[in-house]
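Chemist: from the sequence below, what's the structure:
(one chain, ligands or ions: 1)
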Amino acid sequence: FAPATKSVRSVSALNVWGDKDYLIAPSILSADFARLGEEVDNVLEAGADVVHFDVMDNHYVPNLTIGPMVCKALRDHGVTAPIDVHLMVSPVDAAIQDFIDAGASYITFHPEATNHVDRSLQLIKNGGCKAGLVFNPATSLDAAKFVMDKLDIILLMSVNPGFGGQAFIPAVLDKAREARQLIDDAGIDCRLEIDGGVKTENIKEIKDAGVDMFVAGSAILKEPRTLEAYKETIDTMRAELAK
Ligand SMILES: O=C(CO)[C@H](O)[C@H](O)COP(=O)(O)O
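Modeler: Numbers count the residues shown, from 1 in each chain. Coordinates of the predicted model:
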């Protein structure tokens, strides 16, 4: 008898970066949830590197989305790509453990959503996942400075979190340059991720500010929702990143 909550950690041993300089992470917030498995298969086949998974609790952010059961369902469906779980929940520690057990690869959270940033990061790393902090558009990077040795990801929100399809906030480009400097000065293997309003038109400018992991929801997962259309958008993003 296998309990429904059986851990799928062995799959998420794939918590690696791969060999690409730039990672493209479609946000399934913009997926057709009635066909989620197929949508994820298609974006991965179209060339995406990572599945970005937004968890919203209707408390820390004004929206309610999906939880660890859906993460586990994607693993059970056969998804072996890294699943990048962005926790927009407060408090965070119980959710961290649930997502470790559900097969998450990377887990990021907002420093203001927990009283114990260092401990929450350790919890993620002890679970075998890559760990990161997320900074809202108007939140300073200060909390990162004291935990650089535990950071695998700094995720900059370039919209106010809660919804897909919002416009990119240009002031975040300065913060990206500051975060890139912090990472380079610390000499750590840490990705600089950005989330919100990323399009084929602005991805190069964002890359030039030092970002190397790009979440894109509505720019990729949109009508006509075909593998070919997803591939065209991801190929265009890669061509812009190569410039
Ligand atoms: O975390 C998010 C919103 O809080 C989404 O991942 C993000 O907004 C992506 O959507 P889009 O690319 O359409 O802006």
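Chemist: now do the strands in this structure.
Modeler: 23-26, 51-56, 83-88, 106-109, 130-135, 153-157, 191-195, 213-216 (DSSP state E).
Chemist: counting by contacts, list what the second one packs against.
Modeler: By that I understand strand 51-56. Here strand 51-56 touches strand 23-26, helix 36-45, helix 68-77, strand 83-88, going by 3 or more Cβ pairs under 8 Å, 6 or more residues apart in numbering; DSSP states H and E. Glycine gets a C-beta too; all of them are placed from N, C-alpha and C.
Chemist: looking at the ones you listed, which is buried most?
Modeler: With neighbours defined as mean count of other Cβ atoms under 10 Å, the helices and strands packed on strand 51-56 peak in mean count at strand 83-88, which reaches a mean of 28.
Chemist: strands paired with that strand, and their directions?
Modeler: Partners of strand 83-88 in the sheet, by DSSP bridges, are strand 51-56 (parallel), strand 106-109 (parallel).
Chemist: tabulate the ones you listed (TSV), appending distance to the ligand.
Modeler: TSV is the format used below for the strands paired with strand 83-88 (distance: least, Cβ to the nearest ligand atom, whole Å):
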stretch	distance to the ligand
strand 51-56	4
strand 106-109	10
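Chemist: out of the ones you listed, which is closest to Ala229?
Modeler: When those are compared by Cβ to Cβ, strand 51-56 sits nearest Ala229, at 17.8 Å.
Chemist: want to throw the strands paired with strand 83-88 into JSON lines with mean pLDDT?
Modeler: Below are the strands paired with strand 83-88 laid out as JSON lines (pLDDT from 0 to 100):
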{"stretch": "strand 51-56", "mean pLDDT": "98"}
{"stretch": "strand 106-109", "mean pLDDT": "97"}
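Chemist: excluding its backbone neighbours, what's nearest Lys150?
Modeler: In space, and not counting its chain neighbours, Lys150 is closest to Leu121: 4.4 Å by Cβ to Cβ, 6 or more residues apart in numbering.
Chemist: which residues touch that neighbour?
Modeler: Leu121 makes contact with 131, 133, 147, 150-151 under the criterion Cβ atoms under 8 Å, 6 or more residues apart in numbering.
Chemist: repeat that for Ala179.
Modeler: For Ala179, the contact set (Cβ under 8 Å, 6+ apart) comprises 141, 144, 154, 156, 192, 210.
Chemist: how much space between the nearest residue to the third one once chain neighbours are set aside and Ala94?
Modeler: Here the nearest residue to Ile154 in space, its sequence neighbours aside, is Ala179; by Cβ to Cβ, 6+ apart that works out to 5.0 Å. Using Cβ to Cβ, to the nearest Å, one gets 28 Å for the distance from Ala179 to Ala94.
Chemist: now Met88
Modeler: Relative to Ala94, Met88 is positioned 15 Å away (Cβ to Cβ).
Chemist: and Thr236, by the same measure?
Modeler: 40 Å.
Chemist: now swap in Leu87 and tell me
Modeler: Leu87 sits 10 Å away from Ala94, going by Cβ to Cβ.
Chemist: identify the contacts common to these two.
Modeler: With Cβ under 8 Å, 6+ apart, Leu87 and Ala94 have no common neighbours.
Chemist: sorry, back to before: let's have the contacts of Ala179 in a markdown table, adding pLDDT and distance to the ligand.
Modeler: Below are the contacts of Ala179 laid out as a markdown table (pLDDT from 0 to 100; distance: Cβ to the nearest ligand atom, whole Å):
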| residue | pLDDT | distance to the ligand |
| --- | --- | --- |
| Leu141 | 98 | 18 |
| Ala144 | 97 | 19 |
| Ile154 | 98 | 15 |
| Leu156 | 98 | 11 |
| Leu192 | 98 | 16 |
| Gly210 | 98 | 19 |
